[in-house]
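>>> Pasted the sequence and its predicted model underneath.
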Amino acid sequence: MGYALKRFLQLIPILFGITFLSFLLMYLAGSDAVTEMYANRGVEVAQEIIDQKKASLGLDLPFWQQYGNWLLGMLQGDMGHSYVTGEEVFSAFLRKLPATMLLTGLSLLLTVAVSLPCGIWAAVHRDRVSDLLLRFASFLGNAMPNFFVAMVLMDILGIELGLLPVISSNMDLKSALLPTLTLSVAMSAKYLRQVRSAVLEELGKDYVLGARARGISEGVILWKNVMKAAMLTILTLLALSLGNLLGGTAIIESIFMWDGVGKLAVDAINMRDYPVIQAYVMWMAMIYVGVNLLADLLYHYLDPRIRLGVSGK
Amino acid sequence: MTGQRIPTVRKPKVRKNNLRLKLAFLACLALLLLLASFFSEYLTPYDPYLQDLTIAKAPPSSEHWLGTDRYGRDMLSRVIAGSRTSIFASLLLVGFIAVFGSLIGILCARSGKWLDTFLMRTADLFLAFPGLVFALAVAAVLGGGVHNAIFALAAISWPKYARLSRSQTLAISALPFMQAARMGGCGSLQLVWRHVLPNISGPILVTAMLDIGTMMMELAGLSFLGLGAKPPIPEWGSMMSETRNLLPTQPWITLAPGFAIFFSVMVFNLLGDTVRDYLDPKNRG
């Protein structure tokens, strides 16, 4: 428990840094946010009205004061209003978050479901035809940008075969299938390699040789010993790649019209809706940091060498 | 257990030779891509900006190998012209962040505690943002354009190199030969230049090589979202985004630039893997 607290305390400066950087970015950009808003409406407005509007939004205060106000508001769940729709940013973000979480969760599940068995299979059948094929497939998957995968899947599954809806009109499982598949392709490809090398490394260790010498069956060694070690690798990787996944959802969501925070952010970027972008960047970073903390704690809990402070490989 | 390794004594030597051959082949391929991207304007069969609406959306033919887009522009020419932006920009980007990040890392390792802590905490902060998310925000603030997209990606990727080169430099600095060099009268800069750099360049080179493909994809991704190269400038990501509603009827138009990215990323990834294997001391038979 003490460890968890220590890790959390270490995170506090990072969390503050995240808020600061998110604010700074938009401060640098948003100096003419009010002008931008009137420009969006397409009307010429007198300078006094602009100044008045700026004052009412607190945009004329010095930087630190603005940051302080913003931080205070943020802690109370107030992240300002969208420049475009006028809606509260935080509630809009919260409303769209579940869709993104669903997509992310499904993609992670599918990735693990594909890459774990395939990776183990490839490691056990090292240098055989099936291993080479799997490695080749993972190599191909690694070289495809996710929007390309999206287009190819759309073309084949959605248009040529007509199996799946191309555009997600609602949040059902069927329309989640294509975006999930897309996000999983690159990740599964990456994991397959990692799982394979983790399992290979584990299989080469002395205790496996010892177990084999004692006549323990390959299946038991694989599932009882090697899997445990491989799971730790995967856990770390999952937490790390969540960052890529969250970034990837932005592109994939806007391709498939999946109504999540990624699409929200991309739309906001196109309309220069700075408060929305700010909320997106900040909360994505917070989520990422939080998940990494969780993974770290879990790792700490699962690996007795780290838990008991024993060093060694 | 069927997949056991057969112990052979001579295998490493043969493997090394194969590796050298593979490396040479891939390096040539990559160089070819690079040259093609550099001289792309002389290689295009047609003007990539030339519109001819009478042949719009033509399927692939002997005159237009990849067909034409909705303005009748030759797709092959546009894909070739797009290599300038996509390949060349990614290489520049990786080169820049590798050098910049490594210098920061060396500086951290060789300087006092205060500067080290400050720079490393800054790096941690940048690493706290999930990659593309932060790049999206930076690109959004700066507005579109290839230069801004490159800057945005540079902003998120330097910490990796800083951390790597810092830990490598620290490890090297602890070795006795460094003290010997110091006693031999090496100044700080000379120490870094003659003893640290040659020793840490391997891992950094490998990381950079493997990063080229990733950067290519991320740059294309930003362009796809309209935050990189702007139409009509040919860039693979923005070309796909521009033509994506032609996918149901003329898929070749949308998919051609995608295959170009796919192929280039594959070449650079393979090259990176091979360089890693080549530099790996385990393979030095």
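Cool, got the structure.
>>> in the chain, which helix or strand is least confident?
I went with chain A, as the question did not name one. Among the helices and strands of chain A, helix A:33-41 carries the lowest confidence by mean pLDDT, DSSP states H and E, at a mean of 65.
>>> wait, chain B
Lowest on mean pLDDT, DSSP H and E among the helices and strands of chain B sits helix B:40-43, with a mean of 78.
>>> so how far is that helix from its chain's centroid?
Distance, stretch centre to chain centre, for helix B:40-43: 22 Å (CA atoms, centre = their mean, to the nearest Å).
>>> helices or strands next to that helix in the packing?
Here helix B:40-43 touches helix B:75-83, going by 3 or more CB pairs under 8 Å, 6 or more residues apart in numbering or on different chains; DSSP states H and E. All C-beta atoms are positioned from the backbone trio N, CA, C, and that covers glycine.
>>> Which secondary structure element is home to the residue of the stretch 201-313 of chain A found nearest chain B?
Proximity of the stretch 201-313 of chain A to chain B (CB to the nearest CB) peaks at A:Gly247, 2.7 Å away. A:Gly247 is located in helix A:227-256, with elements delineated by DSSP states H and E.
>>> Pull out the buried residues from that helix.
By neighbour count on 16 or more other CB atoms under 10 Å in any protein chain shown, the buried set for helix A:227-256 is A:230, A:233-239, A:241-256.
>>> Tell me how many other residues surround the residue in chain B positioned nearest to chain A.
Here chain B gets closest to chain A at one residue, B:Leu132, 2.7 Å apart by CB to the nearest CB. B:Leu132 has 29 neighbours, counted by other CB atoms under 10 Å in any protein chain shown.
>>> and residue 197, what does it touch?
Since you didn't name a chain, this refers to chain A. Shown in contact with A:Ser197 (CB atoms under 8 Å, 6 or more residues apart in numbering or on different chains): A:Ala123.
>>> if you could check chain B rather than the one you did, that'd help
Counting by CB under 8 Å, 6+ apart, B:Leu197 has contacts B:Ile106.
>>> go again using 10 Å as the cut-off
B:102, B:106, B:165, B:169, B:172, B:191, B:204 (CB atoms under 10 Å, 6 or more residues apart in numbering or on different chains).
>>> Not counting its neighbours along the chain, what's nearest the last one?
By that I understand B:Ile204. For B:Ile204, ignoring the flanking residues on the chain, the nearest one in space by CB to CB, 6 or more residues apart in numbering or on different chains is B:Ser102 at 5.4 Å.
>>> Report pLDDT for the one you found.
On the pLDDT scale, B:Ser102 is placed at 93.
>>> B:Gly95 and B:Ser157 touch, don't they?
No: here B:Gly95 does not reach B:Ser157: they are 11.8 Å apart, not a contact under CB atoms under 10 Å.
>>> most neighbours, which of the contacts of B:Leu197?
B:Ser165 (27 neighbours).
>>> In space, what's closest to that residue - neighbours in sequence excluded?
Nearest to B:Ser165 is B:Gly105, by CB to CB, 6+ apart, at 3.1 Å.
>>> and after the host helix or strand of the one you found, which helix or strand comes next?
Using DSSP H and E, the element containing B:Gly105 is helix B:89-110. Per DSSP H and E, helix B:89-110 leads on to helix B:113-128 as the next helix or strand towards the C-terminus.
>>> in that following helix, what's buried?
B:116, B:119-120, B:122-123, B:125-128.
>>> swap in stretch B:225-234?
For stretch B:225-234, burial by neighbour count (16+ other CB under 10 Å) applies to B:225-229, B:233-234.
>>> With secondary structure, distance to chain A and pLDDT as added columns, please give the residues you listed in TSV.
As requested, those are exported to TSV (DSSP: H, G, I helix; E, B strand; the rest coil; distance: CB to the nearest CB, whole Å; pLDDT from 0 to 100):
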residue	secondary structure	distance to chain A	pLDDT
B:Leu225	coil	6	86
B:Gly226	coil	7	84
B:Leu227	coil	7	84
B:Gly228	coil	12	80
B:Ala229	coil	14	78
B:Ile233	coil	18	81
B:Pro234	coil	16	83
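>>> Could you report the distance from A:Ile159 to B:Pro251?
Noted for A:Ile159: a distance of 8 Å to B:Pro251, by CB to CB, to the nearest Å.
>>> next one: B:Val141
B:Val141 sits 35 Å away from B:Pro251, taking CB to CB as the criterion.
>>> out of those two, which sits in the busier spot?
Neighbours per residue (other CB under 10 Å) separate B:Val141 from B:Pro251, with B:Val141 holding more: 21 against 18.
>>> Check the closest residue to that one other than its chain neighbours and give its pLDDT.
Distances taken as CB to CB, 6+ apart place A:Ala29 nearest to B:Val141, at 3.7 Å, with adjacent residues excluded. We have a pLDDT of 74 for A:Ala29.
>>> quick one: A:Ala29 and B:Ala30, what's the gap?
37 Å.
>>> what's the answer for B:Gly221, then?
B:Gly221 is 21 Å from B:Ala30, where distance means CB to CB.
>>> what does A:Arg212 give?
Noted for A:Arg212: a distance of 43 Å to B:Ala30, by CB to CB.
>>> Of the two, give the one with the bigger neighbour count.
More crowded of A:Arg212 and B:Ala30, by other CB under 10 Å: B:Ala30, with 20 against 15.
>>> Make sure A:Leu108 is actually in contact with A:Leu245.
Yes: in this structure, A:Leu108 is within contact of A:Leu245 by CB under 10 Å, at 7.2 Å.
>>> Report the set of residues contacting both of the two.
A:183-184, A:187, A:238.
>>> Buried by neighbour count, from these: which ones?
A:183-184, A:187, A:238.
>>> Restricted to helices, list those residues.
Taking DSSP state H as the definition of helices, these contribute A:183-184, A:187, A:238.
>>> Need these in JSON lines (columns: distance to chain B).
Formatted as JSON lines, these follow (distance: CB to the nearest CB, whole Å):
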{"residue": "A:Leu183", "distance to chain B": "13"}
{"residue": "A:Ser184", "distance to chain B": "16"}
{"residue": "A:Met187", "distance to chain B": "13"}
{"residue": "A:Leu238", "distance to chain B": "13"}
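>>> And those residues, which is the shakiest by pLDDT?
When these are compared, A:Leu238 shows the smallest pLDDT, 81.
>>> Please tell me I have it right and that one contacts A:Val195.
No: counting by CB under 10 Å, A:Leu238 does not reach A:Val195; the two are 11.3 Å apart.
>>> residues shared between the contacts of those two?
Joint contacts of A:Leu238 and A:Val195 (CB under 10 Å, 6+ apart) are A:Val112.
>>> show me where chain B has strands.
Using DSSP state E, chain B contains no strands.
>>> Next: chain A.
Counting by DSSP E, chain A contains no strands.
>>> where exactly do the helices run in it?
Taking DSSP H as the criterion, chain A carries its helices at A:2-29, A:33-41, A:47-57, A:63-75, A:89-124, A:129-142, A:146-153, A:173-203, A:206-213, A:218-220, A:227-256, A:261-270, A:274-302, A:304-307.
>>> who touches A:Gln278 in this structure?
By CB under 10 Å, 6+ apart, the contact set of A:Gln278 is A:19, A:22-23, A:25-27, A:29-30, A:70, A:74, A:79-80, A:89, A:265, A:268, B:137, B:140-141.
>>> tell me the pLDDT at the closest residue to B:Val192 other than its chain neighbours?
Nearest non-adjacent residue to B:Val192, counting by CB to CB, 6+ apart: B:Ile106, 6.0 Å away. We have a pLDDT of 90 for B:Ile106.
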